[in-house]
Every structure is written in structure tokens, then in C-alpha cells.
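Participant: Let's see this in three dimensions:
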Amino acid sequence: SPMRRRLIVILVFLLLVFVWLFRYELVFRFQYARLKALSCQEGKADFINDSCLSKIWAHRVNAVERYNILKERFAGYETDIVWDTLKRSFLVYHPPLKDQPPALDSFLSAINTDSAMLWLDMPETPPADTLAILHELNRLDSLHSIKMNAIVEVYDTTVANFLAENDFWVSLNIPREWIDGFYPHQWVNLLNNISPKISF
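Facilitator: Okay, here's the model as predicted:
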């Protein structure tokens with residue numbers, strides 16, 4: 001009947017509006033459910049105790065709002081930080097810059113650094129600013145205990161060695177072209193110059 005068809009059209013329309021309004025929440029819930037269903041052990045282990053979520057870190061958590069959505073759901077959170085040479089401090093963002101980014105200090109103040117493990121990805125660390133970078137990281141550590149709860153990813157061997165020797169957990173990012181190609185002299189040079197205190 002026409003009345004029944006009209007009712008179906010209205011219901012379908014309302015359903016589409018609902019899906020559109022809550023699309024991000026629905027996608028997030030679907031993705032998170034799929035992650036929870038992953039098993040990180042061979043065979044049919046206990047589903048609840050075998051979740052990969054104890055090993056998965058959330059990527060690009062560069063806003064407090066994003067952290068608040070994801071907190072207590074993952075083992076850790078990767079945050080992109082950029083060294084501001086003029087201000088001698090870190091900003092939280094991934095280039096290119098669109099809006100005014102928050103200072104890393106403000107970001108750390110707004111999240112729970114006692115329970116949240118962070119992976120601080122900082123590709124721009126000029127070797128000339130090594131001492132200033134260490135000074136700022138030590139200051140942040142005194143306020144937020146980042147030495148215990150953060151891995152600092154660095155792309156420069158000199159800076160990575162220096163931070164590792166000063167008791168930070170450091171990850172040295174290896175250039176992609178080294179991995180894609182065969183550069184034996186770079187690998188030998190790296191092995192001869194890398195600090196044994198670099199963790200990752």
C-alpha cells in the first residue's frame with residue numbers, strides 16, 4: 001500500500017541520516033571491534049586474554065580530544081612533535097601545519113602521563129640544538145615523568161645517541177632508502193657510531 005511504502009521510505013531516510021550523523025563513531029566502533037578480535041598467539045587461545053590490544057599503539061594522537069576518545073583502549077599513543085628552534089620548545093603536530101598547534105607541555109598536562117605510554121615522533125632535531133632539546137626534555141620529564149613513560153623517536157644519530165646516554169628511551173629511525181636499497185657502508189658506519197643505550 002502507498003502508506004506502507006511511504007513509511008519504509010521515511011525509515012530508510014531516518015536510518016541514512018543516523019548513519020551520516022554518527023559515521024565517525026560507527027566506523028571507530030567497527031574498527032575497534034575488529035582490533036579486539038585479532039589474536040596475537042598461535043592456535044585458539046583465550047579470546048579475552050589474547051587480544052592484540054595489549055600490543056597495539058594508536059597512531060597520530062596529536063590532540064587531547066583524540067586522546068580522550070582513545071584513552072585506556074590501547075597500549076600506547078604515538079604523538080608527532082616538532083622542535084621550535086626559536087622558542088626552544090616542542091609543538092604537537094604533523095606537518096603540514098594547518099592550525100596553531102599546542103605546546104607539548106600543554107598536551108602532556110592534559111593527558112594522564114602516569115598511565116599513558118607515549119611514542120614521541122620528532123623528525124626535526126637539529127644537531128646544533130642537541131643541548132637545548134635535552135634541556136627541554138629534562139624539564140618536561142620533571143613535570144610529566146616522560147623518561148619512564150615515553151619513547152623518543154629521533155632521525156639523527158648524534159641526537160639519538162646523546163638522548164640515550166642521558167637515560168631517555170630512544171628509537172632511532174633508519175632512513176627508508178637504506179632499507180629499500182643496499183648501502184653496506186651506511187650500515188657499517190651506523191653500527192660503529194650507534195650508542196648501545198638506544199633501545200629501539
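Participant: only C-alpha atoms for contact and neighbour calcs from this point on.
Facilitator: OK.
Participant: All the helices of the chain, in order from the start?
Facilitator: Taking DSSP state H as the criterion, the chain carries its helices at 2-21, 23-37, 64-70, 104-110, 130-144, 146-149, 157-165, 176-180, 184-193.
Participant: which ones are touching residue 107?
Facilitator: The neighbourhood of residue 107, defined by CA atoms under 8 Å, 6 or more residues apart in numbering, consists of 63-64, 92.
Participant: ok so, going back, would you mind giving the helices of the chain as JSON lines with mean pLDDT added?
Facilitator: What follows is those, written out as JSON lines (pLDDT from 0 to 100):
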{"stretch": "helix 2-21", "mean pLDDT": "88"}
{"stretch": "helix 23-37", "mean pLDDT": "82"}
{"stretch": "helix 64-70", "mean pLDDT": "92"}
{"stretch": "helix 104-110", "mean pLDDT": "95"}
{"stretch": "helix 130-144", "mean pLDDT": "96"}
{"stretch": "helix 146-149", "mean pLDDT": "92"}
{"stretch": "helix 157-165", "mean pLDDT": "95"}
{"stretch": "helix 176-180", "mean pLDDT": "76"}
{"stretch": "helix 184-193", "mean pLDDT": "81"}
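Participant: what's the closest of the ones you listed to residue 82?
Facilitator: Residue 82 sits nearest to helix 104-110 of all the helices of the chain, at 9.1 Å, using CA to CA.
Participant: Would you mark the buried spots in the closest one?
Facilitator: Buried residues in helix 104-110, defined by neighbour count with 16 or more other CA atoms under 10 Å: 104-105, 107-108.
Participant: Each with direction, which strands does the longest strand anywhere in the chain pair with?
Facilitator: Determined from DSSP state E, the single longest strand within the chain is strand 76-84. Note on strand 76-84: by DSSP bridges, its sheet partners are strand 57-58 (parallel), strand 89-92 (antiparallel), strand 118-122 (parallel).
Participant: mind putting the ones you listed in JSON lines, mean pLDDT and distance to residue 81 included?
Facilitator: Shown next, in JSON lines, are the strands paired with strand 76-84 (pLDDT from 0 to 100; distance: least, CA to CA, whole Å):
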{"stretch": "strand 57-58", "mean pLDDT": "92", "distance to residue 81": "15"}
{"stretch": "strand 89-92", "mean pLDDT": "96", "distance to residue 81": "4"}
{"stretch": "strand 118-122", "mean pLDDT": "96", "distance to residue 81": "5"}
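Participant: can you list these in a markdown table and add distance to residue 162 and mean neighbour count?
Facilitator: A markdown table is the format used below for the strands paired with strand 76-84 (distance: least, CA to CA, whole Å; neighbours: other CA atoms under 10 Å):
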| stretch | distance to residue 162 | mean neighbour count |
| --- | --- | --- |
| strand 57-58 | 26 | 18 |
| strand 89-92 | 18 | 22 |
| strand 118-122 | 15 | 23 |
